[in-house]
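Visitor: Just need the structure, nothing else, for what follows:
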Amino acid sequence: MSPQEFAIRTTEDATRRAEADTLLTPRFYKTDYSALDRMNLEPVRAEWDALMAEFRRDNNRHHFERDEQFAAEVRELPDGLREEFIEFLVSSCTAEFSGCVLYSEIKKNVRNEDMRALMGYMARDESRHAGFINKALKDFGLGVDLGQLTKSKKYTYFKPKYIYYATYLSEKIGYARYITIFRQLERYPERRFHPIFRWFEEWCNDEFRHGEAFAVMMRANPHLLRGLNRYWIRFFLLAVYATMYVRDHQRPYMHQAFGIDPTDYDYKVFSITSACTKQVFPFTLDTDSPKFRTLLERLRLKMEDVEAGKKRGGLIGTLQRGAAAIGVASLFVRLYFQPVIEHEVPADVRMAPAW
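Guide: Presented below is the predicted three-dimensional model:
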């Protein structure tokens, strides 16, 4: 996809992009609040209380504040890089704000004090993240109208267990993404084309901690990790990985600026994420398998055909898009049934950041 196809020129453009609901864009969610009220954390009370103490300490409360150096480092970017970076910021802001909205709604609608405490802390963190990104967008004369977003963006209903799987994975993969970019730019500071990347190290610790909370919740309720639920875990693992792979390959200028190949970057992130998810999931995807990698690349190319058909429009474009969508679904099914790597889940629930 060329930069011109997703050009964002105004605040209205940015808000419309955030409002869009596609396979690759962040969504807003609602869930069954009464089920969350029944969450029992007594089997892991010691781990839970220690984690809540970390949330209460709020070590990052002063982190998301811009300094004079931030403003001094903001500079004009070449067109292709500028367009991709702005799209990245809009998508990231939407994802962070989506979490804030979900956690705020859960806190408002549940009576379970453990859930109310956690969701309040997480909403606090995600609000900071979204606001920090939105300020970075304003350096480009843009921004997402977050108030408008709460009114206009469609909400998708997810069962609580889907929320657990998807949120756990999104937080852990967010940690892996941020720390990989941070370490790359730490080695090559001349490639840091925007100051926001200097904030990524502590930022990713928020993501990691959020994931830990959902790991503890799932370990307290082991039925979520057994039986037919294994198929849902497998689905969400593949959906999150495939979405990231397709989306990252739509940002060639950004990865070139970082000095990393998007395929290499994605598989490094998958490896870190898999190392994290072993703490709770009974298997990981075999992302090192040549067959898996071949199928995932073919899926990405089919997604390009879907976008090409959308752009072409008319009857021919619709037919092209439909045929490509069938191809995407077929490849996803084949990826889904690729062998996974089974392993023993460790006894300890909590883990330390891998990097």
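Visitor: Which residue is the nearest non-sequential neighbour of Leu285?
Guide: Closest residue to Leu285 apart from its sequence neighbours, by C-beta to C-beta, 6 or more residues apart in numbering: Leu237 at 5.4 Å. In short, each C-beta sits where N, CA and C put it, glycine included.
Visitor: can you give me the strands for the chain?
Guide: Applying DSSP state E to the chain gives strands spanning 28-30, 155-157, 283-285, 340-342.
Visitor: Give me whichever of those strands is most buried.
Guide: Most buried of the strands of the chain by mean neighbour count (mean count of other C-beta atoms under 10 Å) is strand 283-285; its value is a mean of 20.
Visitor: Tell me which strands that strand pairs with, and in which orientation.
Guide: Strand pairing for strand 283-285, determined by DSSP bridges: strand 340-342 (antiparallel).
Visitor: Now tell me what touches the strand it pairs with from outside.
Guide: Here strand 340-342 makes contact (C-beta atoms under 8 Å, 6 or more residues apart in numbering) with Arg234, Pro282, Phe283, Thr284, Leu285, Asp286.
Visitor: same question for it, mean pLDDT?
Guide: Summarised as a single mean, pLDDT over strand 340-342 is 96.
Visitor: repeat for stretch 64-75
Guide: 88.
Visitor: outside of it, which residues touch it?
Guide: So stretch 64-75 is in contact with 128-129, 131-132, 135, 139, 192-195, 198-199, 203, going by C-beta under 8 Å, 6+ apart.
Visitor: Also stretch 166-179?
Guide: 95, 99, 158, 200-201, 203-205, 207-208, 210-211, 214-215, 218, 236-237, 240-241, 244, 268-270, 272-273, 276-277, 280, 353-355.
Visitor: residue ranges with poor pLDDT in the stretch 251-355 of the chain?
Guide: For the stretch 251-355 of the chain, the stretches flagged by pLDDT under 70 are 346-355.
Visitor: residue boundaries of the helices in it?
Guide: Assigned by DSSP state H, counting those that start in this stretch, the helices in the stretch 251-355 of the chain fall at 252-258, 262-277, 290-312, 314-336.
Visitor: Name the stretch from the strands of the chain that approaches Tyr164 most closely.
Guide: strand 28-30 (11.9 Å; C-beta to C-beta).
Visitor: What average pLDDT does that closest one get?
Guide: Strand 28-30 shows a mean pLDDT of 86.
Visitor: So what are the sheet partners of it and their directions?
Guide: Here strand 28-30 is paired, per DSSP bridges, with strand 155-157 (parallel).
Visitor: Just the residues contacting the strand it pairs with, thanks.
Guide: In this structure, residues lying in contact with strand 155-157 by C-beta under 8 Å, 6+ apart are Asp21, Arg27, Phe28, Tyr29, Lys30, Thr31.
Visitor: For PyMOL, write the selection for the buried entries among the contacts of stretch 166-179.
Guide: To isolate the buried members of the contacts of stretch 166-179 in PyMOL, using 16 or more other C-beta atoms under 10 Å:
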select buried, resi 95+99+158+200+201+203+204+205+207+208+210+211+214+215+218+236+237+240+241+244+268+269+270+272+273+276+277+280+353
